[in-house]
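Asks: Sequence below, structure please.
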Amino acid sequence: MELVLNRMYYPHGTNGQLLLDGERVSFTIELPWKDNLPQVSCIPEGKYFLRKRYSPRFGRHLQVMDVRDRALILIHPANSALRELKGCIAPVSILTGEGEGQRSKAALALLNDKVFSALERKETVFLTIQSKRV
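Replies: Now for the predicted structure:
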């Protein structure tokens, strides 16, 4: 399974659309691009493996593996990139501004349903991050 994240970069955040087989699963919010600096930048474009993860704070969520010069990059709920993210990706149901959205927990639940079932079938799940093609 391959998810594709098409990004658009803005000064105050990065917005995207997360697609599976060409269909939107959710929108996404991230920090703005700041040269992959930990805690303040979104991660570089590229292809990454995803794996299941659980924590008391976020419950069921996903981890983006093998990000250059970064560790513990997660896909978890958040509605404001600048206030709630440290380099991670947050799925949202609605975009409301640069790095801002709403109903993130619902968007993550939908994403988890698709990805966790594939991982439980022992499928490899990739996330390809790229700039939005116009």
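Asks: OK, contacts around the residue positioned nearest the centre of the chain?
Replies: When the chain is reduced to its mean C-alpha position, the nearest residue by C-alpha atoms, centre = their mean turns out to be residue 89, at 3.2 Å. With contacts taken as C-beta atoms under 8 Å, 6 or more residues apart in numbering, residue 89 has the following neighbours: 5, 28, 29, 30, 42, 43, 64, 73, 74, 75. Yep, even glycine has a C-beta here, placed from its N, CA and C like the rest.
Asks: Please apply the same query to residue 48.
Replies: Neighbouring residues of residue 48 by C-beta under 8 Å, 6+ apart: 64, 65, 66, 67, 126, 127, 128, 129.
Asks: before we move on, back to that, so what's the residue nearest to the centre of the chain bridging to?
Replies: residue 75 (DSSP bridges).
Asks: how close does the residue of the chain positioned farthest from its centre get to residue 90?
Replies: Relative to the centre of the chain, and counting by C-alpha atoms, centre = their mean, the farthest-placed residue is residue 121 at 21.8 Å. Distance, residue 121 to residue 90, using C-beta to C-beta, to the nearest Å: 26 Å.
Asks: What of residue 20?
Replies: For residue 20, the distance to residue 90 equals 17 Å [C-beta to C-beta].
Asks: Looking at the two, which has the bigger crowd around it?
Replies: For residue 20 against residue 90, the residue with the higher neighbour count under other C-beta atoms under 10 Å is residue 90, and the figures read 26 against 17.
Asks: show me what contacts that one?
Replies: Under the criterion of C-beta under 8 Å, 6+ apart, the contact list for residue 90 reads 28-30, 75-79, 81, 84, 101, 104, 108.
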